[in-house]
Every structure is written in C-alpha cells, then in structure tokens.
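*Asks:* here is my input; please provide its structure:
(chains A and B)
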Amino acid sequence: MSFNVLIVDDSRSMRAVIKKTISMSGFKIDQCVEAGNGREALDVLAKSWVDVIISDINMPEMNGFEFLEELKKDSLLKAIPAIVISTEGSEKRIQNAFELGAKGFIKKPFLPEEIKKVLYEVIGVSDEGEYKEDKRDDDAFDF
Amino acid sequence: MKENIKRIRETMTPSIFEVFEKMFYVFLEPLDIRYDEYDMEAAISFEGTISGDVRILFSREIVRAMVQNMLGLEGDEIAVQDMEDCSKEAVNMVCGNFLSRFDSTKVFNLSAPTFKESQPECFESGEDICRMDFDSDNGKVGVVVKI
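*Replies:* Here you go, the predicted structure:
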C-alpha cells in the first residue's frame, strides 16, 4: 500500500530531507507534493488529494498553525491527517498543535523510524499495510 | 548571570551534538582552544523567559559536508543556496532543541534564521555571552549564545 504525501516547509532542503527520510523509513510514497507555506499548501490541496500532510510551524505568509485552522474549517480537508514537524518542542506548542487538529507531532531533529512510526499511527495502518479500523477518525468524514 | 551562562553551556552542548549527529551525520568534539577562522554564520533570535540570539559559525568544509550528508549531493552539485538552507536549518534546530531542554514548559518565539557568507564577528565568552567551539573530521563549528 502506498500513499500520497504533502510536505509543507519553507526550506527546500528540509522538504528534501523529510522526503528522503520517509523513503528511507520504508513508508511507501506514491506521490509526494510540496509547498513552501500554508497558503501554497491550500492551493496544492485544491488540485490534488493527499493521504497525509506533514507541516512545519514557522513559515512566512501562512504558518503551520494558521494552516491547521484552515484545514479544520473545511469539511473535506479536515479528513486528511496532519502531522506537525517542528524544532519547537515545548509542551504548550505540542498541545496547541493537537488542539488545532494535528494527529501527530515530530520534533526536529528526527530519525527515519520516528517519522515512520508517527505516519503509520496517524494514517491508521500497520507496518504491513493493514488498516486499523479503530484508528481512523470517522468524525472527520462527517460532511 | 554567571549561573545562567553555565546552564546555557550545559544545555547547549547536548543540543548541538544531537542536531549535528541526527541530521547531518557530523560528530563534533569540543575544542579547548578558541578558533576564529570561520567562513560563514547563521543566526536566529528567541524571545521568552530568556531572550537573546544563537549564532552558529561554520568553516566552509563543514557546511559542504552537512549538505552532502543531509541532501546526498556530491561536491560539484552543491550550490550556495543549499549551503545557506542547510546552515539556517541547523541554527533553527539547534536553537529549538536548546530552548526545549532549557525550559520545555514555556513557549519561546523564534525569528526567521539569517545567513551571512563572510568571516563572522569574534565573540568572547562573558557575562552575557556563551561561546563554544567544536571540531570534527569535516571541519569546525562555533556556537555563540547571547542573552
């Protein structure tokens, strides 16, 4: 089973590293689309459907928290699990991210296995590619 | 103030080791003597229960090694933009990692990182400055925390 992933980060290098790290982790990517901030990410999502979003917090124009708020407002987009990836690992920041609808949090610097674990957890799929029904957010599909 | 600087030094050291090892596969060792021949610098400011800035001073060779290891690029494929991006990411991660170790219960606001490709200003450790230098097989790194 392979997945479409959207990576949102203002650093081109970091987007490349996240993509490379996901591939190294063994998580199968079908398509990987990228955006430099929340605004660009919304434009990408208007054109293509993804299975999971990985977003930084500190970005110009629209930061990660504002982006999560926009996702939450949209009955379709809120169904896509979002993972926040950030250097800012304070308890309050992590709590903010989850309150805004994030399903996972990865702190930079990260290891491939950390990314893989969170990705499978939020998508609700086991390492073998089996869906874990109880992990899926059924409320998110209420539109 | 002296106690704060001591705590900053103790907190910053594992942060810089963790970021350089995990993200850039570069293994640093503390230098006993000060090194001043750096070629570039990335900096970021932070505000919270303590405020200040973190500067990372790099030798050219170490930044090239970081780009090679992080992005898998070969020597002639490395552009200045890659070196800038990598240096800015490094200071961003080191500062974030340092602040969450310093006080994980508080929120700190970080500025956008900046990059300068020229010999950085020399900073001496003092009442409000913590300066550390590190060596590796790939070049040298200096860290300055000003509060």
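*Asks:* can you pull out the strands in chain A?
*Replies:* Assigned by DSSP state E, chain A shows strands spanning A:3-8, A:29-35, A:52-55, A:82-86, A:104-107.
*Asks:* next, format the ones you listed as CSV and append distance to A:Asp43 and mean neighbour count.
*Replies:* C-beta here means a position set from N, CA and C on the backbone, and glycine is covered the same way. Conversion of those to CSV gives the following (distance: least, CB to CB, whole Å; neighbours: other CB atoms under 10 Å in any protein chain shown):
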stretch, distance to A:Asp43, mean neighbour count
strand A:3-8, 11, 22
strand A:29-35, 7, 16
strand A:52-55, 13, 25
strand A:82-86, 16, 25
strand A:104-107, 23, 19
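*Asks:* can you name the residue of chain A nearest chain B?
*Replies:* A:Thr87 (2.7 Å; CB to the nearest CB).
*Asks:* leaving out sequence neighbours, find the closest residue to the residue nearest in space to the middle of chain B.
*Replies:* Centroid-nearest residue in chain B, with CA atoms, centre = their mean: B:Ile56, separated by 3.3 Å. Leaving aside its chain neighbours, B:Ile56 sits nearest to B:Val91 (4.8 Å; criterion: CB to CB, 6 or more residues apart in numbering or on different chains).
*Asks:* likewise B:Glu29?
*Replies:* B:Asp135 (5.4 Å).
*Asks:* the one you found against B:Ile33, yeah?
*Replies:* No - using CB atoms under 8 Å, B:Asp135 makes no contact with B:Ile33, being 9.8 Å away.
*Asks:* between the two, which is the more surrounded one?
*Replies:* B:Asp135 (17 against 6; other CB atoms under 10 Å in any protein chain shown).
*Asks:* give the other helices and strands that the helix or strand where the more buried one lies contacts.
*Replies:* Secondary structure assignment for B:Asp135, by DSSP states H and E: strand B:129-136. Applying 3 or more CB pairs under 8 Å, 6 or more residues apart in numbering or on different chains; DSSP states H and E, one finds that strand B:129-136 contacts helix B:2-24, strand B:29-30, strand B:139-146.
*Asks:* so who does the residue nearest to B:Glu29 touch?
*Replies:* Contact analysis of B:Asp135 by CB atoms under 8 Å, 6 or more residues apart in numbering or on different chains lists B:Leu28, B:Glu29, B:Pro30, B:Leu31, B:Tyr35.
*Asks:* in JSON lines, list those along with distance to B:Glu47 and neighbour count.
*Replies:* Shown next, in JSON lines, are the contacts of B:Asp135 (distance: CB to CB, whole Å; neighbours: other CB atoms under 10 Å in any protein chain shown):
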{"residue": "B:Leu28", "distance to B:Glu47": "27", "neighbour count": "23"}
{"residue": "B:Glu29", "distance to B:Glu47": "32", "neighbour count": "10"}
{"residue": "B:Pro30", "distance to B:Glu47": "28", "neighbour count": "11"}
{"residue": "B:Leu31", "distance to B:Glu47": "30", "neighbour count": "15"}
{"residue": "B:Tyr35", "distance to B:Glu47": "29", "neighbour count": "14"}
